[in-house]
Structures are given as structure tokens and as C-alpha cells.
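>>> I'd like to go over a predicted model; first the sequence, then the structure.
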Amino acid sequence: MGVDPALKVALHQLRAVRSQRPADAAGPCVFAGWRDGMADVLDALAEVLPFEEDRVRARMEADAARVEAAELRASARTSHDS
């Protein structure tokens, strides 16, 4: 039994986005954009994972990534306004 082609694609996309993680010096807004990208690929992965437990975990990680991205942007705005 082979791996589902859709799962292969989703895992490839996850690795591709993960490999684009910006350096710490890139700034909070750049990192926030990357976290949003990670959330998108985690959501896509959740759609094709074979086990419910894994789908739930991927969605939870996607939600956490979006929250972190929003917090980073809010913090950057607050720092910029000061």
C-alpha cells in the first residue's frame, strides 16, 4: 500500500514552507507572514491526513500559528506606535 498522493503533496508543501522560515533578524511582521503560511499548509495537511487524531492536531497547530502571527503583528504595531 502506497502513500496517498494528496498526502505526499501536502507533506511536500509543509516541508517547503517550513524551509522558508525567516531568520530572527527578519522582523516580527516577516515572521508573522511565515506563521500564516505554516497555518495554511497545516490546514491543507489536516484535510488529507488519514487519522482523526492527526487531523485535529494539525488544525490545532494551524490555529496556534495564526494566533502567534496576530500577536506578532499587534506587538509590532504597538512598538511602532510608541
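Yes, it's here. All of these numbers come straight from a predicted model, not from anything done at the bench. Numbers count the residues shown, from 1 in each chain.

>>> Any stretches of this structure with poor pLDDT?
By pLDDT under 70, the low-scoring segments of the chain are 1, 80-82.

>>> which residues does the residue lying closest to residue 29 once chain neighbours are set aside contact?
The shortest distance from residue 29 to any residue that is not its chain neighbour, by Cβ to Cβ, 6 or more residues apart in numbering, is 5.4 Å, and that residue is residue 76. No exception for glycine: its C-beta is placed from N, CA and C like everyone else's. For residue 76, the contacting residues are 27-29, 32, taking Cβ atoms under 8 Å, 6 or more residues apart in numbering as the criterion.

>>> Let's have these in a markdown table, adding neighbour count, distance to residue 55 and secondary structure.
Conversion of these to a markdown table gives the following (neighbours: other Cβ atoms under 10 Å; distance: Cβ to Cβ, whole Å; DSSP: H, G, I helix; E, B strand; the rest coil):
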| residue | neighbour count | distance to residue 55 | secondary structure |
| --- | --- | --- | --- |
| 27 | 13 | 33 | coil |
| 28 | 17 | 30 | helix |
| 29 | 16 | 30 | helix |
| 32 | 22 | 25 | helix |
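
>>> Over to the residue nearest to residue 29: give its phi and psi.
Note on residue 76: backbone dihedrals following degrees, to the nearest 10 are phi -70, psi -40.

>>> Of the contacts of residue 76, which is the nearest to residue 50?
Proximity of the contacts of residue 76 to residue 50, judged by Cβ to Cβ, is greatest for residue 32, which lies at 31.1 Å.

>>> coming back round to it: now, which of the contacts of residue 76 sits nearest residue 2?
For those, the closest approach to residue 2 (Cβ to Cβ) belongs to residue 32, at 37.0 Å.
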